[in-house]
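Novice: fold the following, please.
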Amino acid sequence: MKKILVLVVASLTLISCDLDNNDCGDCFSPPRQFNFDFADKDTEENLFTNGTFEEDDLKVYDENDEEIEFQLVPYNDRKILSLNTIGWELEPKTYTVELSDDVSVGFFLDMDKKQGDCCTYFEVIEFLIPTYEFSESTTTGIIQVKI
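Specialist: From the prediction side, this is the model:
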């Protein structure tokens, strides 16, 4: 009786498995969020926290002059510009962050949608800020732009 039960369980397991490995469930990772810390190039002070730029003057738009949603969020006594909708675009795009009437930061972003191991995810192909020095923190992912 025990052998028959083991045989039935094994048979049901084999029947319910997809032998082509297509039954791996849903796995989806959205594009990363882009977070910017605009800092003084000499002191590294955050330029929103020290009053150089005002949140009311801040604008973000793409090459078609379409406004991009953003948030200015507090983080460790700094104000970080957070863009969480731009990574969905799979065509190369240019964005502009207007910090004031006199200061704008343009950046280029090229994303790709990938699939592997039953998962869909987004990958940054190229990210470039041509007119300012910048670095990305390996621990937080925050991109510091020195102005």
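Novice: for the residue most central in space within the chain, which non-adjacent residue is spatially closest?
Specialist: Nearest to the mean C-alpha position of the chain, counting by Cα atoms, centre = their mean, stands Arg32 at 2.1 Å. Once flanking residues are discounted, Arg32 sits nearest to Gly87: 5.8 Å by Cβ to Cβ, 6 or more residues apart in numbering. Bear in mind the C-beta positions are built from the backbone N, C-alpha and C, glycine included.
Novice: same deal with Gln71?
Specialist: Going by Cβ to Cβ, 6+ apart, Gln71 has Ser82 as its nearest residue, at 4.6 Å.
Novice: now the one you found: which helix or strand?
Specialist: strand 78-83 (DSSP states H and E).
Novice: just the C-alpha atoms of that strand, please, in PDB.
Specialist: Taking Å, rounded to 0.1, in the frame of the first residue of the first chain, the C-alpha atoms of strand 78-83 are listed here in PDB:
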ATOM      1  CA  ARG A  78      19.800  66.600   2.400                       C
ATOM      2  CA  LYS A  79      17.000  67.100  -0.100                       C
ATOM      3  CA  ILE A  80      17.100  64.400  -2.800                       C
ATOM      4  CA  LEU A  81      15.400  64.800  -6.200                       C
ATOM      5  CA  SER A  82      13.600  61.500  -6.800                       C
ATOM      6  CA  LEU A  83      12.400  60.400 -10.300                       C
END
